[in-house]
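Enquirer: Got a sequence here, can you model it:
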Amino acid sequence: MSPHLERCSLLLCANESFANAEVDIEVLTGVKVSHGTQHRQARQNALSLSQSQDSVREMSVDGGKVRLRTPKGQESLWRDYKAIALHGQVCAAVFQDNAQLADWVRQQPRAESVSVVADGHPGVWNLARDCLKESQRQEILDWYHLIENLHRVGGSNQRLEPTFRTTNILQQDF
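Expert: Numbers count the residues shown, from 1 in each chain. Reported below is the predicted structural model:
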C-alpha cells in the first residue's frame, strides 16, 4: 500500500466505520482495501496522546458507551470509554483502558491543586482518583448533575433558595 493510500485509509477510518471506509476508499481511489486490512492498519498506527504545554489547573472527566457492530440478528454490544479534558489545553479518550488515561494525566505538568469536574458516576470518580492523589484534587459535581440531584439534600425550596441566590441561580432552574 502506498504511503498516500495508507494516509487516506487512516483518515477515513478515523471518521467512520471500517466497513464504510472500505467502500469510500474504493470509490475515491479505485483500489479495494478490505475493512479487515484497514482495521489492522489502524491498530498498527498507534496514536500518541498529546502533552499539555502549561500547568493543568482544571480537568473534566466523563465516560460513555459506544455501540460495537455485531452480525445482523445478534444483540448489539455496548462498551465503556472514558475521556478527560485538561481545560484550555488537550483532551484524550480511551476505549476500555482507564490505566492508560490515568498514566497520561499523571505525566502532565500540574498545579498543586487541580479542580476535577465530573458527573458523579462512581466509575468516573474512580478514574479521577487514579489520576490524582486526594491532596492534589478538588472534586466538583458538574452543574447539570448538581441541579438534577439537589432534592437529595432534603428540605424545602425555601431552604434551598438562599444557596441559589448566592450562586446567581434563579429558582425556576431547579
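Enquirer: what's the distance between whichever helix or strand E22 is part of and the middle of its chain?
Expert: Element membership of E22, judged by DSSP states H and E, is helix 18-29. Offset of helix 18-29 from its chain centre (CA atoms, centre = their mean, to the nearest Å): 27 Å.
Enquirer: right, and the helix or strand after it?
Expert: helix 35-44.
Enquirer: CA-only coordinates of that next one in PDB, if you can.
Expert: Extracted in PDB, the C-alpha atoms of helix 35-44 (Å, rounded to 0.1, in the frame of the first residue of the first chain):
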ATOM      1  CA  HIS A  35     -12.200  -3.400   6.200                       C
ATOM      2  CA  GLY A  36     -10.100  -6.000   7.900                       C
ATOM      3  CA  THR A  37      -6.900  -4.700   6.400                       C
ATOM      4  CA  GLN A  38      -7.900  -1.100   7.400                       C
ATOM      5  CA  HIS A  39      -8.600  -2.300  10.900                       C
ATOM      6  CA  ARG A  40      -5.200  -4.000  11.200                       C
ATOM      7  CA  GLN A  41      -3.600  -0.900   9.700                       C
ATOM      8  CA  ALA A  42      -5.300   1.400  12.300                       C
ATOM      9  CA  ARG A  43      -4.200  -0.800  15.200                       C
ATOM     10  CA  GLN A  44      -0.600  -0.800  13.900                       C
END
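Enquirer: buried residues in it?
Expert: Residues 35, 38-39, 41-42 are the ones in helix 35-44 that count as buried (16 or more other CB atoms under 10 Å). Where C-beta positions appear, they are placed from N, C-alpha and C, glycine not excepted.
Enquirer: any chance of those in TSV, with distance to L5 and pLDDT too?
Expert: TSV is the format used below for those (distance: CB to CB, whole Å; pLDDT from 0 to 100):
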residue	distance to L5	pLDDT
H35	15	90
Q38	11	87
H39	16	87
Q41	10	87
A42	14	84
